[in-house]
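Asker: how does the following fold in three dimensions:
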Amino acid sequence: MPWRQWADSGRASWQLGRLAWELPHYLREPIDGTYATTALRQRLAQREVRFVDALRGQVAARSAGPLARLLTWAGWTIADIEAAVRQDGLEVTLGRLRDDGVFFTHAELTGAEPLRRPGLELPLRASDFDNATRSTARLGGSTSGSRSHGIRVFYSWDFLAEEAANELLLFCAHGLESAPLAYWMPGVPALSGIHNLLFDLKSSRAPRRWFAQVDAVAAGPPASTRAATGAVLRGAFGYVLWRCRQSVPWTAGPEPTPLAAADRVAAWLVATVRDHGRAVLKCYASAAVRVAAAAQGAGMDLSGSVVFTGGEPLTAARRRFIEASGARVFPRYVTTEMGLMAGACPLQRDGDAMHVYLDRLAAVPAADGEGLLFTSISPHGGKVLLNADLGDAGVLQHRSCTCSLGYLGLHLFVSQVRSDAKLAGEGVKMMASEMDALIAPLIEAVGGGPDDYQFWEEADDAGRTRLMIAIDPSITRLDEPAFVRALIAALKRQPLRGNLTGQLWEQGDTLHVVRQRPTLSRGHKQLVLRR
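Answerer: The predicted structure follows:
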């Protein structure tokens with residue numbers, strides 16, 4: 001309904017106005033490579049102390065909260081944890097806690113399910129994990145599931161400054177700290193673009209261009225409402241740029257650049273390499289595939305360009321296709337809950353292994369050996385997490401590395417990051433359970449039931465993702481194009497993140513119907529990955 005978009009855009013406008021007012025103070029002391037190196041070394045040296053202090057503060061502030069209750073149930077005190085960390089190290093201690101039942105599943109973390117352990121059951125809310133001791137929050141975002149069981153996260157200026165240091169060191173490791181930069185990310189009030197802008201400005205690396213696939217509030221309200229909302233958001237964003245007093249080569253905000261206009265982004269890369277010798281693009285992995293395809297279709301050579309991807313896995317197929325255009329491509333791992341989590345090693349010429357930012361987080365395998373459990377270390381994060389499942393699986397490996405990030409002590413790598421519980425396409429994700437809630441009434445309307453459909457994910461040779469909805473052929477009243485249109489419309493009626501997802505999936509022709517029976521057990525709606 002329109003009031004939802006009004007609420008989202010109103011919150012975003014208020015947030016941008018507040019950012020504009022306080023941004024000059026945040027940017028008063030920009031950081032450089034020397035500062036970032038020193039800061040990371042200090043955080044690593046204090047890593048275990050920072051972890052214990054953050055945990056102690058959260059438990060003290062929320063003595064009746066789930067974290068405190070779970071530790072008590074497991075027989076662990078903060079003093080026990082501190083002693084174990086001192087004796088065995090942080091990761092070993094986290095593994096012991098996990099084995100003793102001290103962890104949070106993704107469903108528990110979002111509040112979709114209560115915390116259940118033998119003799120303990122607690123109702124949960126995503127806000128139960130909010131950092132009770134953080135400095136004042138300044139930037140907010142939410143995970144998928146915004147209508148029901150999403151996670152709302154707020155970042156402080158101190159947290160953004162830590163991210164800025166990590167990102168600058170990544171660029172320095174790749175020799176790109178002074179290379180011209182552009183984004184191809186959704187515009188305000190979506191989180192990804194403004195998030196990157198704030199920590200890039202801290203290191204005086206404003207993007208030369210910001211190409212935006214969608215206007216995140218464009219669908220739903222009447223045209224007059226959209227126009228008014230857009231004016232407010234762009235005005236607030238322009239005020240942010242004016243207040244920051246940095247050399248930003250544009251003042252109109254993100255440039256509307258739909259997925260079909262990937263050639264504009266490719267042309268910028270070619271022109272920038274011609275004029276400056278190199279160029280850097282940050283975008284989703286699927287968007288990078290589109291840029292490479294547009295370049296190859298137009299006979300452009302992207303040599304000299306570097307693309308940092310996120311939002312989706314950088315699969316072998318995607319890497320091969322992108323690099324065939326002449327560009328080099330490297331992954332980054334970012335989540336709403338914890339911000340920047342890992343960045344690709346400059347020595348990694350294939351695969352997707354990334355250095356984990358151990359100064360701000362810890363990671364151990366889940367009990368099943370495939371999932372990942374993350375623990376926050378920074379006292380400035382929006383969440384205090386202890387062995388939390390963010391819905392991702394992957395591979396962790398400790399090994400030495402001769403690049404500058406390895407030299408600084410970032411010796412843990414994460415690779416093959418994926419999620420079997422989320423539908424991903426065009427860089428955005430929705431929980432399969434969230435899509436279930438939208439599809440169920442559409443299936444019922446054509447005579448089907450909850451056992452008659454299932455989600456599949458497929459990729460072509462270039463790595464472009466298609467989300468397939470397998471629907472039992474016995475449902476004869478189904479008009480497939482109308483069904484897809486109705487599902488897209490339902491997504492675009494959702495609050496901000498759902499609206500954004502609907503727009504991107506509509507542009508990308510992401511959703512398709514295939515008339516086949518579900519291939520898993522009846523009623524099981526888990527995402528099937530087809531690689």
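Asker: who's the closest spatial neighbour of the residue most central in space within the chain, skipping the chain neighbours?
Answerer: Nearest residue to the geometric centre of the chain (CA atoms, centre = their mean): T335, 3.4 Å. Excluding its sequence neighbours, the residue lying closest to T335 (CB to CB, 6 or more residues apart in numbering) is L390, at 5.6 Å. From N, CA and C alone the C-beta is placed, and that goes for glycine too.
Asker: the one you found sits in which helix or strand?
Answerer: Here L390 is covered by strand 388-398, with elements defined by DSSP states H and E.
Asker: if you average the pLDDT over that strand, what comes out?
Answerer: Mean per-residue pLDDT for strand 388-398: 94.
Asker: C-alpha coordinates for that strand, CSV please?
Answerer: Extracted in CSV, the C-alpha atoms of strand 388-398 (Å, rounded to 0.1, in the frame of the first residue of the first chain):
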residue,chain,number,x,y,z
ALA,A,388,25.3,-16.2,14.6
ASP,A,389,24.2,-17.9,11.4
LEU,A,390,23.5,-15.1,8.8
GLY,A,391,22.0,-17.6,6.4
ASP,A,392,25.3,-18.3,4.5
ALA,A,393,27.4,-21.4,3.9
GLY,A,394,31.0,-21.4,2.8
VAL,A,395,34.5,-22.7,3.4
LEU,A,396,36.9,-21.2,5.9
GLN,A,397,40.7,-21.8,5.6
HIS,A,398,43.6,-20.5,7.7
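Asker: show me what it is packed against.
Answerer: With contacts taken as 3 or more CB pairs under 8 Å, 6 or more residues apart in numbering; DSSP states H and E, strand 388-398 sits against helix 106-110, strand 361-365, strand 371-376, strand 412-418.
Asker: what are the buried residues along stretch 383-401?
Answerer: Under the neighbour-count criterion of 16 or more other CB atoms under 10 Å, stretch 383-401 has 383-394, 401 buried.
Asker: can you list the domains in the protein?
Answerer: 6-38+135-421, 423-530 (automatic domain parsing).
Asker: can I get those in a markdown table with distance to S63?
Answerer: Formatted as a markdown table, these follow (distance: least, CB to CB, whole Å):
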| stretch | distance to S63 |
| --- | --- |
| domain 6-38+135-421 | 14 |
| domain 423-530 | 31 |
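Asker: deepest of these, which one?
Answerer: Highest mean neighbour count among the domains of the chain (mean count of other CB atoms under 10 Å): domain 6-38+135-421, with a mean of 20.
Asker: so how far is it from its chain's centroid?
Answerer: Counting by CA atoms, centre = their mean, to the nearest Å, domain 6-38+135-421 is centred 8 Å from the centre of its parent chain.
Asker: ok, now stretch 467-482?
Answerer: Averaging C-alpha positions (CA atoms, centre = their mean) puts stretch 467-482 31 Å from its chain's average.
Asker: that one: end-to-end distance?
Answerer: 16 Å (CA to CA, to the nearest Å).
Asker: stretch 169-186 too?
Answerer: End-to-end distance for stretch 169-186: 25 Å, by CA to CA.
Asker: swap in stretch 499-514?
Answerer: By CA to CA, the extent of stretch 499-514 from end to end equals 24 Å.
Asker: about what we covered before: ok, and what's touching the strand holding L390?
Answerer: Residues outside strand 388-398 that contact it (CB atoms under 8 Å, 6 or more residues apart in numbering): 103-106, 109, 129, 335, 337-338, 353, 356, 363-366, 370-375, 411-422, 431.
Asker: now stretch 511-522
Answerer: Contact with stretch 511-522 is made by 425, 451-454, 456, 466-473, 478, 480, 483-484, 487-488, 505, 524, 526, 528, as judged by CB under 8 Å, 6+ apart.
Asker: so where's the chain uncertain?
Answerer: 1-20, 134-153, 188-189, 215-253, 420-421, 432-433, 495-496, 520-531 (pLDDT under 70).
Asker: could I get the full set of helices for the stretch 51-200 of the chain?
Answerer: 66-74, 78-88, 90-99, 106-110, 157-173, 191-202 (DSSP state H, counting those that start in this stretch).
Asker: please name the bridge partners of L340.
Answerer: On the basis of DSSP bridges, L340 is bridged to V334.
Asker: actually D389, not the one I typed
Answerer: Beta-bridge partners recorded for D389 (DSSP bridges): L373.
Asker: any idea how far it lies from T110?
Answerer: From D389 over to T110 the distance is 10 Å, taken as CB to CB, to the nearest Å.
Asker: let me see the contact set for the nearest residue to L122 once chain neighbours are set aside.
Answerer: Nearest residue to L122 in three dimensions, chain neighbours excluded: L115, at 4.4 Å (CB to CB, 6+ apart). L115 makes contact with 66, 69-70, 104, 108, 121-124 under the criterion CB under 8 Å, 6+ apart.
Asker: equivalent analysis for L372, please.
Answerer: Per CB under 8 Å, 6+ apart, neighbours of L372: 363-366, 389-390, 392-394, 396, 414, 417.
Asker: now these as a markdown table including distance to D460?
Answerer: Compiled in a markdown table, the contacts of L372 are given as follows (distance: CB to CB, whole Å):
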| residue | distance to D460 |
| --- | --- |
| A363 | 32 |
| V364 | 35 |
| P365 | 31 |
| A366 | 31 |
| D389 | 30 |
| L390 | 28 |
| D392 | 24 |
| A393 | 23 |
| G394 | 23 |
| L396 | 30 |
| V414 | 26 |
| V417 | 21 |
